[in-house]
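1. okay, sequence plus prediction incoming.
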Amino acid sequence: MTENGAAIRERLSAFLRDAEIRGASAVRADQSLIKSGLVDSQALFRLVIWIEQETGSPIDLQEVNLSRDLDTIENIVAFVEKRRAHT
């Protein structure tokens, strides 16, 4: 049984709040996190670690397109789901 995107989204939102991302509680699913400056380089590093923990596999950053894969909550959830499907 696979987990649904809503559960991943909920944990991701909790992670963003816990990581003290300013405005995390009001971030829309399609809002840019990187381009808007909500996520800085340190928060992005923590996000990658969170994704690795969620998926149980390391991320090769050379294969990740940050603006496509990790810039919005929607994209992060899809990225996690895709990685889980391939592990």
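-> Yep, it's here.
2. so for this protein, the centremost residue is which one?
-> residue 76 (3.8 Å; CA atoms, centre = their mean).
3. which other helices and strands contact whichever strand or helix holds that residue?
-> For residue 76, the element it lies in under DSSP states H and E is helix 73-85. Where contact means 3 or more CB pairs under 8 Å, 6 or more residues apart in numbering; DSSP states H and E, helix 73-85 is packed against helix 5-18, helix 41-55, helix 66-69. To be clear about C-beta, it is placed using only N, CA and C from the backbone, and glycine gets the same treatment.
4. and the average pLDDT for the last one is what?
-> Meaning helix 66-69. The average pLDDT for helix 66-69 rounds to 91.
5. buried stuff in it?
-> Of the residues in helix 66-69, 66, 69 count as buried by neighbour count, 16 or more other CB atoms under 10 Å.
6. returning to that earlier point: so what's the residue nearest to the centre of the chain up against?
-> When contacts are counted by CB atoms under 8 Å, 6 or more residues apart in numbering, residue 76 is found next to 12, 47, 51, 69, 70.
7. ok, now which ones touch the second one?
-> Contacts of residue 47 were listed using CB under 8 Å, 6+ apart, and they are 15, 19, 39, 70, 76.
8. please check the residues you listed and keep the buried ones.
-> Buried subset of the contacts of residue 47 (neighbour count, 16+ other CB under 10 Å): 15, 39, 70, 76.
9. min pLDDT across those, which one?
-> Among the buried ones among the contacts of residue 47, residue 39 has the lowest pLDDT, at 86.
10. surely that residue is in contact with residue 33?
-> Yes: between residue 39 and residue 33 there is a contact under CB atoms under 8 Å: 4.2 Å.
11. between these two, which contacts overlap?
-> In contact with both residue 39 and residue 33: residue 21, using CB under 8 Å, 6+ apart.
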